[in-house]
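**Student:** Model the following, please.
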Amino acid sequence: MAETGNSNALKIAGAVILPNLGSIVNGRLTRNNLKNWYENLKHPSFRPPNWLFAPVWTSLYAGMGYGSYLVWRDGGGFNGDAQLPLVAYASQLALNWAWTPIFFGKHSIKGGLIDIVALTATAGACGLLFYRINKTAGLLFVPYMAWLGFATALNYAMWKLNPEKEQKTEEKRN
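**Tutor:** Okay, the predicted model is just below:
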């Protein structure tokens, strides 16, 4: 039985909305810590303005979500060839969502750096696995990988510029 246009549209919408759900929850955590903690850190000269992060992440999440739909559709769903790429997708998404509570919630710049390095590696593997199923889906990870490279450099620079902030956070935990 052929799928209807409405059914496909709902599946696409769900795939695009899913990755944004974590950002909605994490957005509150970020806003609560911007003035209290983040703005008091030393920042590298290449830090973009805070307002830029939400639209960039929203578009990247939409792209990766649509890519996941394409892989699910063309790879036979969760029981077909798409299984491993979709597991990689879920893994990188979990690491993506975990970064904000680590960095902003725990005030752990180093923990955020460790997470984003693992995220970048996992997202790269996911993009390659997506590409094998659907070239467009794989290519949708190119801007994501570029942004993750930039975000990793930003996180690293923050860690190097704020060693005493990281130390104080560690001491408070112990």
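**Student:** Could you look up the SS state of the most centrally placed residue in the chain?
**Tutor:** Nearest residue to the geometric centre of the chain (CA atoms, centre = their mean): residue 96, 3.5 Å. Using DSSP: H, G, I helix; E, B strand; the rest coil, the structure places residue 96 in helix.
**Student:** and the closest residue to it other than its chain neighbours, how many neighbours does it have?
**Tutor:** Once flanking residues are discounted, residue 96 sits nearest to residue 119: 5.6 Å by CB to CB, 6 or more residues apart in numbering. Backbone N, C-alpha and C define where each C-beta goes, glycine included. Residues lying near residue 119 (other CB atoms under 10 Å) number 23.
**Student:** can I assume residue 119 is in contact with residue 99?
**Tutor:** Yes. Between residue 119 and residue 99 there is a contact at 6.6 Å, judged by CB atoms under 8 Å.
**Student:** host element of residue 110?
**Tutor:** If you go by DSSP states H and E, residue 110 is part of helix 109-133.
**Student:** Give me the contacts around that helix.
**Tutor:** Residues from elsewhere that reach helix 109-133, judged by CB atoms under 8 Å, 6 or more residues apart in numbering: 41, 67-68, 70-71, 74-75, 81-82, 84-85, 88-89, 91-92, 95-96, 98-99, 102-103, 137-142, 144-145, 148-149, 151-152, 155-156, 158-159, 162, 165-166.
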